[in-house]
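**Student:** How does the following fold in three dimensions:
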Amino acid sequence: MTYEKDFGSKYSYSLGTNFCNPMGKNKKGVWERKFAREQYNAGIKYHDAKFNAALTGMFTTDRASGWAICCR
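**Tutor:** Numbers count the residues shown, from 1 in each chain. The predicted model follows:
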């Protein structure tokens with residue numbers, strides 16, 4: 001789900017969220033959860049006739065435990 005709104009003549013911002021339950025099969029063929037279940041993002045944009053710029057950020061939460069195991 002995403003929401004975008006203009007403010008002023010040159011600026012806009014956006015807010016978004018994503019909820020999911022990503023599943024994948026492990027080496028034994030058992031379905032298990034992968035990656036994060038929730039993702040939130042926000043951004044601000046500047047747009048002009050000669051120049052455009054954007055700054056965005058993202059936050060994930062409720063991450064799968066397998067993330068820590070693969071990165072040790």
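**Student:** Isn't G57 up against Q39?
**Tutor:** No. At 11.3 Å, G57 does not count as touching Q39 under the criterion of Cβ atoms under 8 Å. Just so you know, the C-beta spots here come from the backbone N, C-alpha and C atoms, and that holds for glycine as well.
**Student:** Those two - which one has more neighbours?
**Tutor:** For G57 and Q39, the more surrounded residue by other Cβ atoms under 10 Å is Q39, and the numbers stand at 16 against 9.
**Student:** Would you mark the buried spots in the host helix or strand of that one?
**Tutor:** Element membership for Q39, per DSSP states H and E: strand 38-47. Neighbour-count burial for strand 38-47 flags 39, 43, 45 (criterion: 16 or more other Cβ atoms under 10 Å).
**Student:** got it, and stretch 49-68?
**Tutor:** Buried residues in stretch 49-68 (16+ other Cβ under 10 Å): A64.
**Student:** With only the CA atoms kept, save that stretch in CSV.
**Tutor:** What follows is stretch 49-68 as a C-alpha-only set of coordinates in CSV (Å, rounded to 0.1, in the frame of the first residue of the first chain):
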residue,chain,number,x,y,z
ALA,A,49,12.3,21.8,-14.7
LYS,A,50,16.1,21.3,-14.6
PHE,A,51,16.7,19.2,-11.5
ASN,A,52,15.1,16.3,-9.6
ALA,A,53,16.1,14.8,-6.3
ALA,A,54,14.7,12.2,-3.9
LEU,A,55,15.6,10.9,-0.4
THR,A,56,14.0,7.6,0.6
GLY,A,57,14.3,5.3,3.7
MET,A,58,13.1,1.8,4.5
PHE,A,59,12.6,-0.1,7.7
THR,A,60,12.0,-3.9,8.0
THR,A,61,10.7,-5.7,11.0
ASP,A,62,9.7,-9.2,12.1
ARG,A,63,12.7,-10.6,10.3
ALA,A,64,13.1,-14.4,9.8
SER,A,65,15.6,-16.1,12.2
GLY,A,66,17.5,-17.6,9.2
TRP,A,67,19.0,-14.1,8.4
ALA,A,68,21.3,-14.2,11.4
